[in-house]
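# This is a predicted model, with the sequence first.
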Amino acid sequence: MRKSLEKLFAHEQLTREEARRMLLGIAREEYNDVQVASFVTVFQMRSIGMAELQGFQDALLELAVPLDVEGQTTIDIVGTGGDGKNTFNISTCSCLVVAGAGYKVTKHGSYGVSSAVGSSNVLIELGYEFTTDADVLLRQLDQANICFLHAPLFHPALKAVVPVRKQLGMKTFFNMLGPLVNPVQPTHQLFGTFSQELSRLYHYIMQASGREYSIVFALDGYDEISLTGSARVHSSRGEQLLTPDDFGMYLVKPDALYGGETAADAKSIFLDVLNDLATPAQKAVVCANAGLAIHTLCPEKSLLDCVHEARESIETGNALAKLYKITSIN
């Protein structure tokens with residue numbers, strides 16, 4: 001660790017293999033909390049390199065509990081977090097909407113670190129039971145079109161960094177890593193990132209993977225399509241700037257996306273969206289993100305048609321039905 005820290009403090013970057021070995025060592029608890037915190041904070045002071053991010057990704061996928069979905073086409077919708085916006089659980093809600101529209105979703109997520117309530121927090125509140133049991137997860141995927149991979153269960157080696165992350169209470173490179181280390185490595189992914197620089201890094205990494213993807217960075221800092229302004233989207237098919245009008249939506253105010261402070265607040269908003277009782281802004285932003293996910297799966301369809309499919313998933317009750325189904329299969 002000392003030699004690696006000295007290298008980093010000298011403004012040098014780790015190679016992909018060095019980064020992999022460092023994270024394997026952290027996961028195996030070879031270093032104390034002070035050393036880990038020092039290592040983590042280096043990347044608060046300078047940008048992470050592509051080789052470093054790939055090396056960290058390699059290590060976490062190597063250590064992850066696998067889940068084989070038997071060649072099925074699935075998508076994950078996930079943001080890095082760390083945007084400091086404290087929105088409601090837009091990505092997780094969008095996953096249920098996409099499932100309700102008839103597409104398969106393998107959602108990977110965890111507790112909130114830099115926001116009040118993460119995807120795992122709200123799902124616990126909704127009655128979902130986390131598991132690594134492949135039979136249960138595949139039945140959920142078959143019958144409800146969606147299953148949830150709770151990151152602490154699928155990445156047990158990372159328990160070593162939980163205290164450090166909680167005490168730091170800010171975004172770290174683990175926020176950057178989370179969306180990249182879904183153990184399924186789904187065929188399609190919709191990422192939200194908290195910076196344009198990270199969007200570009202994801203773009204290069206996903207290009208090398210050969211999988212289909214869309215990567216979102218809202219120009220006002222959100223790690224999702226927020227409809228509070230324009231968003232830059234990198235995808236397998238190129239780059240574009242999307243405005244609310246491209247989704248058939250109006251501009252929304254940031255405070256309309258507030259997620260509250262507790263899991264109970266998050267649950268209330270979540271159920272309002274799926275019951276079609278949400279505010280117009282809440283419904284619109286979920287439909288926009290779910291629509292972009294469907295468009296990532298089906299680029300031959302127009303974005304507006306994909307948004308319409310998302311809206312129908314809510315209005316017909318299909319999205320809500322998928323929630324009831326996954327919470328009943330265990």
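That came through fine.

# pLDDT score for F130?
F130 is assigned 97 on the pLDDT scale.

# Could you look up the SS state of it?
Under DSSP: H, G, I helix; E, B strand; the rest coil, F130 falls in the coil class.

# List the backbone torsions phi and psi for the closest residue to it other than its chain neighbours.
If you skip the residues right next to it in sequence, F130 has H150 as its closest partner in space, 3.8 Å away by Cβ to Cβ, 6 or more residues apart in numbering. Every residue, glycine included, has its C-beta placed from N, CA and C. When quoted as degrees, to the nearest 10, the phi and psi of H150 stand at phi -70, psi 110.

# these two touch, right, H150 and K107?
No. Distance between H150 and K107: 9.6 Å, which falls outside the contact criterion (Cβ atoms under 8 Å).

# between these two, which one's more packed in?
Of the pair H150 and K107, K107 is the one with more neighbours under other Cβ atoms under 10 Å, namely 27 against 21.

# Checking my notes, that one in a helix, right?
No. Assigned with three-state DSSP, K107 falls outside any helix and is strand.

# Name the nearest residue to S235, ignoring sequence neighbours.
S214 (4.4 Å).

# got any ranges where this protein has weak pLDDT?
Applying pLDDT under 70 to the chain picks out residues 82, 113-116.

# what's the longest strand in it?
For the chain, the longest strand by residue count, based on DSSP state E, is strand 212-218.

# Partner strands of that strand, with direction?
As defined by DSSP bridges, the strand partners of strand 212-218 come to strand 188-192 (parallel), strand 231-235 (antiparallel).

# most tightly surrounded among these?
For the strands paired with strand 212-218, the stretch with the most neighbours on average is strand 188-192, a mean of 27; neighbours defined as mean count of other Cβ atoms under 10 Å.

# Show me the contact partners of that strand.
73-80, 91, 179, 182, 202, 206, 211-217, 222-225, 289, 292-293, 296-297 (Cβ atoms under 8 Å, 6 or more residues apart in numbering).

# Of these, select the buried ones using a ChimeraX command.
Applied in ChimeraX, the following selects the buried portion of the contacts of strand 188-192 according to 16 or more other Cβ atoms under 10 Å:
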select :74,75,76,77,78,79,80,91,179,182,202,206,212,213,214,215,216,217,222,223,224,225,289,292,293,296,297
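
# Would you mind measuring from the residue lying closest to L219 once chain neighbours are set aside to T87?
Counting by Cβ to Cβ, 6+ apart, S230 is the residue found nearest to L219 once chain neighbours are left out, at 5.2 Å. Summarising the geometry, the distance separating S230 from T87, computed by Cβ to Cβ, to the nearest Å, is 17 Å.

# Same drill for these two, tell me which one is more crowded.
Counted by other Cβ under 10 Å, S230 and T87 do not tie: T87 has more neighbours, with 24 against 18.

# residue contacts, the residue nearest to that one when sequence neighbours are not counted?
Leaving out its chain neighbours, the residue that sits closest to T87 by Cβ to Cβ, 6+ apart is L257, at 4.4 Å. Residues in contact with L257 (Cβ under 8 Å, 6+ apart) are K85, T87, F88, I90, S226, T228, A281, Q282, V285.
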